[in-house]
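>>> show me the folded form of this:
(2 chains)
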Amino acid sequence: MKYTLPVLALLVALLFAASLLIGPAGLGLGESLHALITGQGGPVVLVMQEIRLPRAILGLLAGAAFGLAGAAMQGYLRNPLAEPGLIGVSSAAALGAVLSLQTGLAAAFALALPLSALAGAGLSVLLILLLAGPRGGALALILAGIAISALAAALTSLALNLSSNPFAAMEIVYWMMGSLADRSMTHVWLAAPFIALGLAALLSIGRGLDALTLGEDAAQSMGINMARLRWTLILGTAAAIGASVAVAGAVGFVGLVVPHILRPLVAARPSHLLPAAALGGAAMLLAADIATRLIAPDQDLKLGVLTAIVGAPFFLHLIWRMRRVEA
Amino acid sequence: MRRGALTALALGVALPAAAEPPARVVSMNLCTDQIALMLAAPGQLISVSRLAVDPLSSSMAAEAAAYPPNRGQAEQIFLMKPDLVLASTYSSISSVALLRDLGVTVVQVEPVNALSQVEAQILTIGQALGRETQAEALAAEFREGLKGLTWQGELATAAMYYPNGYTSGAGSLADDVLRTAGFHNIGAELGLTGGGTLPLERLVMAQPDVIVTSTPYPGGSRSEELLNHPALAELRQEAGLATTTDADWVCGTPHILRALRSMRDAREALE
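Numbering: from 1, shown residues only, chains lettered A, B, ... in the order given. Predicted coordinates:
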């Protein structure tokens, strides 16, 4: 469908605006827009420019990262269950972020936070590709993912429990479930360059993934450099997911649900699915973040709670369908 | 004679404690630690909770350092062979129940939620320790100290803002300190009772005259990172004053007067 991308872009724009306009302070529509654009209007300016704007930008970027990374991994592994959260990439990124915070590295050098999350994410993608093999059999992939997730989550909890800071242990939920509450422009500047690089890298492999649908040999004979494709995927995923998790925590299931819904609309062509999944992911995360503010404005409900409630049934549905295909 | 015995029965367990002061006392709560440190006879207190030596939580960290710390668990405390254990009603229910099953006398006190409850707390612990005279003297000293610190003029606004956006609402000790020192508490005005989270944007919109934040702990945490948020930094600049809480704010002990005095100074500085 040729309208898929414009419709998704419009949806993202609407949700971005809604994210700016909805919040516990209950500001008027005109007053908040005026403050955001002109910078005039006292405390409203502070709320719009320093609290809501970074939150909306991070929702957009992290959502795009999760959606696109899911679609790209599914295309490369030719397996609809590959998703950064399910196969442990997000948990490994969270581990990297937590280690940089707890060792004091992030306090000494701000970029250490996204960089070490990136390293965690990159290592886990490498490990997954190694364990699940180039063909990415469903069972091997999911089992390797479960093991990596469990290990990374356990080490994250360990690091937070051993922290000298009494609040750190309370943050285990945040790193596992993710939240965009009270992020600032500092976080946007830290994460946005890496996410943008990662998104660009992942969008560039669309043609290669198209060729790969015919099988590896066919793709190679069509002039696709498989090693290069694999490294672009690994580094792109690491940058996009690493930086997103470093500032928003590990939000699961976006990369599973979004490509699954959009695949029929783009005739299952990876090169068309990638940009659609990026937009769809942004829309889903922005919507989930708006929902957390509507459902419990004063409670900081975690983002991953909502995405998992929507996403886990999808996951079960996919497993059910695959079981029938394999049987 | 018979009548006396009946009275003793009616008084129950309190009588033997009053007759003979406990010789080995263990405190397992930060707040009972500090009152016991002020009241106990030399050698009577044999252990305090491990929080008592943390200068960020305890006003008497230096004094407490002389005592072996306990982690509030029944096994460790039982092995200290205490005659009396001081605990809070918020102490671990299972540890307290286990100690009582093992025949240890445990006195639990309610947490103090208002300045008016401090004296009673001191007297309760003094009675349990058999140090009534010292307790009455300390309570009288507190009463005198409190007298001079109540603000009579117009109220300004203040907000408590802790990690994770936590704030103190109505019915909390911090709320009472703010009110006595001459402030409306924003947390209470926004409808919070006890404690709860205050979203940063609502704090920004409320524009308090004074913002009271906590002293950060070592080691990083996302919860405390909120206290470095640029919006909060700007709000602090716009506010007349920004102060920080410390160990003196934690417990309803005579040290709360130091917290009250610092807020009173802040209120006077706004005039």
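>>> could you use CA atoms for every contact and neighbour count after this?
OK.
>>> which bits of the stretch 51-200 of chain A sit near chain B?
Residues of the stretch 51-200 of chain A lying near chain B by CA under 8 Å from any CA of the partner chain: A:51, A:101-104, A:107, A:163-168, A:171, A:182-184.
>>> one more time with 10 Å, if that's ok
Counting by CA under 10 Å from any CA of the partner chain, the residues of the stretch 51-200 of chain A close to chain B are A:51-52, A:98, A:100-107, A:160, A:163-171, A:174-175, A:181-186.
>>> quick check on those residues: which are buried?
A:51-52, A:98, A:100-102, A:104-106, A:160, A:163, A:165-171, A:174-175, A:181-185 (16 or more other CA atoms under 10 Å in any protein chain shown).
>>> might you specify the subset of those residues located within helices?
Among these, the ones falling in helices (DSSP state H) are A:98, A:100-102, A:105-106, A:160, A:174-175, A:185.
>>> so B:Ser88 bridges to which residues?
Using DSSP bridges, the bridge partners assigned to B:Ser88 are B:Val109.
>>> please tell me how far the closest residue to B:Leu123 other than its chain neighbours sits from chain A.
Nearest residue to B:Leu123 in three dimensions, chain neighbours excluded: B:Ala135, at 5.4 Å (CA to CA, 6 or more residues apart in numbering or on different chains). According to CA to the nearest CA, to the nearest Å, B:Ala135 stands 33 Å off from chain A.
>>> my guess is B:Ala135 contacts B:Leu37, does it?
No - between B:Ala135 and B:Leu37 there is no contact under CA atoms under 10 Å: 11.6 Å.
>>> who has more neighbours out of those two?
More neighbours surround B:Ala135 than the other of B:Ala135 and B:Leu37, with 26 against 19 (other CA atoms under 10 Å in any protein chain shown).
>>> what's near enough to touch the more buried one?
By CA atoms under 10 Å, 6 or more residues apart in numbering or on different chains, the contact set of B:Ala135 is B:35-36, B:38-40, B:119-127, B:129, B:141.
>>> show me where chain A dips below the pLDDT cut-off.
Counting by pLDDT under 70, the ranges of chain A that qualify are A:1, A:134-137, A:326-327.
>>> can you pull out the strands in the stretch 1-150 of chain B?
Taking DSSP state E, counting those that start in this stretch as the test, the strands found in the stretch 1-150 of chain B are B:25-27, B:45-49, B:69-70, B:84-88, B:105-109.
>>> tell me which of these sits most buried.
Of these, the one with the most neighbours on average (mean count of other CA atoms under 10 Å in any protein chain shown) is strand B:25-27, at a mean of 28.
>>> list the neighbouring strands of that strand plus their orientation.
strand B:45-49 (parallel), strand B:84-88 (parallel).
>>> tabulate those strands (CSV), appending mean pLDDT.
As requested, those are exported to CSV (pLDDT from 0 to 100):
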stretch, mean pLDDT
strand B:45-49, 96
strand B:84-88, 96
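>>> so which of those gets nearest B:Pro111?
strand B:84-88 (6.7 Å; CA to CA).
>>> name the surrounding residues that touch that closest one.
With contacts defined as CA under 10 Å, 6+ apart, strand B:84-88 is touched by B:17, B:21-33, B:36, B:45, B:47-49, B:72, B:77-78, B:96, B:99-100, B:104-111, B:125, B:128-129.
>>> please list all residues in contact with A:Ile87.
A:81, A:124-125, A:128, A:141-150.
>>> try B:Gly196
Applying CA under 10 Å, 6+ apart, the residues contacting B:Gly196 are A:298-299, B:164-169, B:187-188.
>>> of those residues, just the buried ones, PyMOL syntax please.
To isolate the buried subset of the contacts of B:Gly196 in PyMOL, counting by 16+ other CA under 10 Å, use the following:
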select buried, (chain A and resi 298) or (chain B and resi 164+165+166+167+168+169+187+188)
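>>> what about the contacts of B:Gly196, which are in helices?
Among the contacts of B:Gly196, the ones falling in helices (DSSP H) are B:187-188.
>>> okay, A:Pro297 and A:Leu33: tell me how far apart.
For A:Pro297, the distance to A:Leu33 equals 21 Å [CA to CA, to the nearest Å].
>>> around chain A, pick out the residues from the stretch 51-200 of chain B.
Within the stretch 51-200 of chain B, the positions lying close to chain A (CA under 10 Å from any CA) are B:163-165, B:196-200.
>>> and the two most separated of those?
Farthest pair in those, by CA to CA: B:Gly196 and B:Leu200, 12.5 Å.
>>> mutual contacts of those two, please.
In contact with both B:Gly196 and B:Leu200: A:298, B:164-166, using CA under 10 Å, 6+ apart.
>>> and of those residues, the nearest to A:Gly249?
Distance to A:Gly249 across these (CA to CA) is lowest for B:Asn164, with 15.3 Å.
>>> how far is stretch B:248-267 from where the chain is centred?
Mean-position distance between stretch B:248-267 and its chain equals 11 Å (CA atoms, centre = their mean, to the nearest Å).
>>> in that stretch, what counts as buried?
B:248-257, B:259-264, B:266-267.
>>> check stretch A:18-37 too.
A:19-23, A:25, A:27, A:32-36.
>>> show me which of those residues neighbour chain B.
Okay, of those touching chain B (CA under 10 Å from any CA), that's A:23, A:25, A:27.
>>> count the neighbours of residue 65 for me.
Let's take chain A. Residues near A:Ala65, counting by other CA under 10 Å: 34.
>>> let's do chain B instead
When neighbours are counted by other CA under 10 Å, B:Ala65 comes out with 14.
>>> same check, this time on B:Ala66
Look at B:Ala66: counted by other CA under 10 Å, it has 12 neighbours.
>>> just want the most central residue of chain A.
A:Phe66 (2.5 Å; CA atoms, centre = their mean).
>>> could I get the phi/psi values of that one?
Dihedral pair for A:Phe66: phi -60, psi -50, per degrees, to the nearest 10.
>>> correct me if wrong: it contacts A:Ala239.
No - using CA under 10 Å, A:Phe66 is not in contact with A:Ala239; the gap is 11.2 Å.
>>> okay, and the common contacts of these two?
Common neighbours of A:Phe66 and A:Ala239 (CA under 10 Å, 6+ apart) are A:Leu199.
>>> please enumerate the strands of the stretch 151-271 of chain B.
B:156-161, B:166-168, B:183-185, B:195-197, B:210-214, B:241-245.
>>> where exactly do the helices run in chain B?
B:2-11, B:14-19, B:30-39, B:61-64, B:74-79, B:93-101, B:118-129, B:132-147, B:173-181, B:186-189, B:200-206, B:222-225, B:230-238, B:256-270.
>>> would you single out the least confident of those?
The minimum mean pLDDT among the helices of chain B belongs to helix B:2-11 (a mean of 41).
>>> buried sites along stretch A:270-284?
Going by neighbour count (16+ other CA under 10 Å), the buried part of stretch A:270-284 is A:270-284.
>>> is any residue of the strand or helix carrying A:Val44 near chain B?
In this structure, A:Val44 is located in helix A:43-45 according to DSSP states H and E. Yes - counting by CA under 10 Å from any CA, chain B has neighbours in helix A:43-45: A:43-45.
>>> cool, thanks, signing off.
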